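A.B. asks: Pasting a predicted model and its sequence here:
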Amino acid sequence: MGVITYDMEIPSSIPADKMFKAFVLDGDTIIPKVLPHAITSVQTLEGDGGVGTVKLTTFGEGSMHKSVTHRIDGLDKENFTYSYTIIEGGALDVFETISYHIKIVSSPDGGCIFKNRSIYQPKSDAQVSEEEIKAGKERASGVFKKVEAYLLANPDA
């Protein structure tokens, strides 16, 4: 099975700079707050938050995986881009590599469009179903929508 790539775009009424700050820069505290049953904590294992930083995300009870460790590969605060690669845990039992590339762009109405490209390289003997890919997209969309709802409810955040 070859590389699996999917792109996702989600519009939001939240301005791009505010969404980037909440989702990426403050995400380690906001995401566990808005999804406490799914993600219990995000902690920095090494680095200063920039490129090369390694973080551990711990999932809640009932999750398929206990945790994942990821490395930040790119962070551009002016162009609202962020990329990272899963380096340990999670679905790496099925995939050689998993990477995510996020870009948040301004929309003409003053809001933004959240763009996410996910790239999965399955292990040579792995079989990945369309349902598994769809479920991953839905989880990613759900996280974004929870952060959006948090910002709408807390405009000064």
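C.D. replies: Structure received.

A.B. asks: hey, let's count contacts and neighbours off CA atoms from now on
C.D. replies: Noted.

A.B. asks: confidence score at the residue most central in space within the chain?
C.D. replies: For the chain, the residue sitting closest to the mean C-alpha position, by C-alpha atoms, centre = their mean, is A140 at 6.4 Å. We note a pLDDT of 83 for A140 in this prediction.

A.B. asks: can I assume it sits in a helix?
C.D. replies: Yes. A140: assigned to a helix according to DSSP: H, G, I helix; E, B strand; the rest coil.

A.B. asks: start the count at 28, not 1, going forward
C.D. replies: Renumbered: residue one is now 28, and that last one reads A167.

A.B. asks: So it versus R144, what's the distance?
C.D. replies: 11 Å (C-alpha to C-alpha, to the nearest Å).

A.B. asks: who touches stretch 121-140?
C.D. replies: Residues from elsewhere that reach stretch 121-140 (C-alpha atoms under 8 Å, 6 or more residues apart in numbering): 36-43, 46-47, 106-114, 119, 141-150, 153-154.

A.B. asks: residues near the residue lying closest to S94 once chain neighbours are set aside, how many?
C.D. replies: In space, and not counting its chain neighbours, S94 is closest to T85: 4.4 Å by C-alpha to C-alpha, 6 or more residues apart in numbering. Using other C-alpha atoms under 10 Å, T85 has 20 neighbouring residues.

A.B. asks: can you give me the strands for this structure?
C.D. replies: Ranges of strands within the chain are 31-39, 66-73, 81-86, 94-103, 108-116, 122-133, 139-149, based on DSSP state E.
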